[in-house]
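In: give the three-dimensional model of this entry:
(one chain, ligands or ions: 1)
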Amino acid sequence: MPATVILEPADRCCWDEPVHITVHGLTPGQRVTLRASLRDEKGAHFRAHARYCADGGGELDLARAPALGGSFAGLEPMGLIWALEPEKPFWRFLKRDVQTPFAVELEVLEGHEPEPQRVLGRAVHERDFLRPGVRREPVRAGRVRATLFLPPEPGRFPGVVDVSGAAGGLWEYRASLLAGKGFAVMALAYYNYEDLPKGIETLHLEYFEEAVNYLLNRPEVKGPGLGLLGISKGGDLCLSMASFLKGITAATIINGCVANIGGVLHYKDETLPPLSANRNRIKVTKDGVVDITDALNSPLEGPDQKSFIPVERAECTFLFLVGLDDHNWKSEFYANEASNRLQAHGKEKPQIICYPGAGHCIEPPYFPKCWASLHALVGSPVIWGGEPRAHAMAQVDAWKQLQAFFHKHLGGKEGKTPTKL
Ligand SMILES: CCCCCCCCCCCCCCCCCCCC(=O)SCCNC(=O)CCNC(=O)[C@H](O)C(C)(C)COP(=O)(O)OP(=O)(O)OC[C@H]1O[C@@H](n2cnc3c(N)ncnc32)[C@H](O)[C@@H]1OP(=O)(O)O
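Out: Numbers count the residues shown, from 1 in each chain. From the prediction side, this is the model:
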């Protein structure tokens, strides 16, 4: 008997939203395997599968039925998405063009055998990166190279600058999704994009200042200050922006470093050198992948203190989101040191939310965790850390927390989101 896959919302939703999957038309207690697959824009295949049993009425509801094994186990209504794994080694799940969705193919297969079985039902679920009506506007203003995303409704919105990690380019997926939640978000490129510097060796905060002023002057942006959202290298850039520039009200740092990283940062007559590293502390795992967790020197010792970002100069409120299994570097230590420095100077204690089992790449909800991939500054694959389920839960919570934080400090909805972890 053919089975019917029912999706709610039907056919499509935004990538950061859950989808409710049920299967109708099975026999009571029937053993089936559900399989999800997706092809990214470079043609790389991602797959996940899980074994289930239908209930006494021949229905399978992923919100009620635990998976009995496969890519994950237990009650995981979104497991088929967050547990997607690349076929290609060291491949990372990324979205390059936010104007097109990812199509997830779902199949219901007969039985629990590991080999392919008869297909009982099938559905395609499209997951969008632009909520209907969200406006996408490329920004080429002065030196600024960015993309601005505006919510569909007319009005003025809390403004956020989104700064990605090292590797450069212009990554829009976080900004486009966040604009769907009522923010005016500018994804900002800062190197390796169009006519911007090719490398990270020398950056000038004046560029970021120009971007901040551009966004603040947009009529759609509710002032008086902006939010900053930075991950990894983007995190230390946001700390520097908050410390040196005017017009910043709130900053969320996802697994950032409290010291300047990768290249020299200049602002007017001040310079922050990059934190130095010791290659002898780089480990190679049993799979032959590089683990750089311990490579960087401490920003509390010797000449490396010059790289410590003077966060005490910042006038804004901070939220640090930390993966406790970050293998890129010591994010918890850096967040605590930022907090210590702020408090030592009489500043407000920042909120630090730590996620056990979460790795370095804390992305929007349901992004499959990447085990290891090419690290632009290292030149070889590095492990990012994170246990898949804990990492997936952290991404859902972090997404809620950063929205609540920005709404609280930039306007819009009030309130604190209690962490579920
Ligand atoms: C034993 C060896 C020892 C080595 C020693 C080295 C010592 C150095 C000292 C180390 C000190 C440690 C210092 C730590 C400092 C860390 C500071 C930085 C912290 C961060 O910011 S980490 C965050 C990383 N960045 C991001 O998250 C942004 C996302 N972008 C990316 O990851 C990259 O841009 C990406 C996807 C790898 C490449 O994108 P792009 O440039 O657009 O891609 P191309 O098409 O041009 O391809 C280039 C290259 O990348 C491969 N590629 C493309 N897509 C992917 C993908 N989805 N997943 C994995 N790999 C991908 C592609 O195949 C190309 O590779 P080639 O080999 O073919 O050139």
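In: for stretch 9-29, what is the average pLDDT?
Out: Here stretch 9-29 scores 97 as its mean pLDDT.
In: may I have it exported as PDB, CA atoms only?
Out: Provided in PDB are the C-alpha atoms of stretch 9-29 (Å, rounded to 0.1, in the frame of the first residue of the first chain):
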ATOM      1  CA  PRO A   9       3.700  23.600   6.800                       C
ATOM      2  CA  ALA A  10       2.900  21.900   3.500                       C
ATOM      3  CA  ASP A  11       5.700  21.900   0.800                       C
ATOM      4  CA  ARG A  12       7.900  24.700   2.100                       C
ATOM      5  CA  CYS A  13       9.000  26.800   5.100                       C
ATOM      6  CA  CYS A  14      12.000  28.800   6.100                       C
ATOM      7  CA  TRP A  15      15.200  26.900   6.900                       C
ATOM      8  CA  ASP A  16      15.100  28.000  10.600                       C
ATOM      9  CA  GLU A  17      11.600  26.800  11.100                       C
ATOM     10  CA  PRO A  18      10.500  23.200  12.200                       C
ATOM     11  CA  VAL A  19       8.500  21.100   9.800                       C
ATOM     12  CA  HIS A  20       6.000  18.500  11.200                       C
ATOM     13  CA  ILE A  21       6.300  15.200   9.300                       C
ATOM     14  CA  THR A  22       3.700  12.500   9.500                       C
ATOM     15  CA  VAL A  23       3.200   9.400   7.300                       C
ATOM     16  CA  HIS A  24      -0.300   8.000   6.700                       C
ATOM     17  CA  GLY A  25      -1.400   4.800   5.100                       C
ATOM     18  CA  LEU A  26       1.000   2.300   6.800                       C
ATOM     19  CA  THR A  27      -0.100  -0.900   8.500                       C
ATOM     20  CA  PRO A  28      -0.300  -1.000  12.300                       C
ATOM     21  CA  GLY A  29       3.200  -1.300  13.800                       C
END
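In: give the buried residues for the helix or strand hosting R51.
Out: R51 is part of strand 45-53, with elements assigned from DSSP states H and E. Under the neighbour-count criterion of 16 or more other CB atoms under 10 Å, strand 45-53 has F46, R47, A48, H49, A50, R51, Y52 buried. Quick note: C-beta positions are derived from backbone N, CA and C, even for glycine.
In: what's that strand in contact with?
Out: 29-40, 60, 62, 65, 67-73, 76, 79-81, 83-88, 93, 112, 368 (CB atoms under 8 Å, 6 or more residues apart in numbering).
In: make a ChimeraX selection of the buried ones in these.
Out: The buried residues among these can be selected in ChimeraX (16+ other CB under 10 Å) with this line:
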select :30,31,32,33,34,35,36,37,38,40,60,62,65,67,70,71,72,76,79,80,81,83,84,85,86,93,368
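In: show me the contacts of strand 45-53 that map onto strands.
Out: Counted as lying in strands by DSSP state E, out of the contacts of strand 45-53, are R31, V32, T33, L34, R35, A36, S37, L38, R39, L60, E85, P86.
In: could you pull up the residues touching the first one?
Out: It stands for R31. R51, Y52, C53, E110, G111, H112.
In: check contacts around the fifth one.
Out: It refers to G111. G111 touches R31, V32, T33, Q117, counting by CB under 8 Å, 6+ apart.
In: SS state for the last one?
Out: Remark: Q117 carries the secondary structure label coil [criterion: DSSP: H, G, I helix; E, B strand; the rest coil].
In: for it, what are its contacts?
Out: T33, L109, E110, G111.
In: quick check: A338 touching V258?
Out: Yes: between A338 and V258 there is a contact under CB atoms under 8 Å: 4.5 Å.
In: need the overlap of contacts for those two.
Out: Joint contacts of A338 and V258 (CB under 8 Å, 6+ apart) are L239, I309, V311.
In: burial of the last one, as a residue count?
Out: The burial metric for V311, expressed as a neighbour count using other CB atoms under 10 Å, is 24.
In: what about it, distance to E348?
Out: 11 Å (CB to CB, to the nearest Å).
In: part of a helix, is A390?
Out: Yes: the assignment for A390 by three-state DSSP puts it in a helix.
In: which of the three states applies to the nearest residue to it once chain neighbours are set aside?
Out: Taking CB to CB, 6 or more residues apart in numbering as the measure, A390 lies nearest to G357, with 2.6 Å between them; neighbours along the chain are not counted. Three-state assignment for G357 (three-state DSSP): coil.
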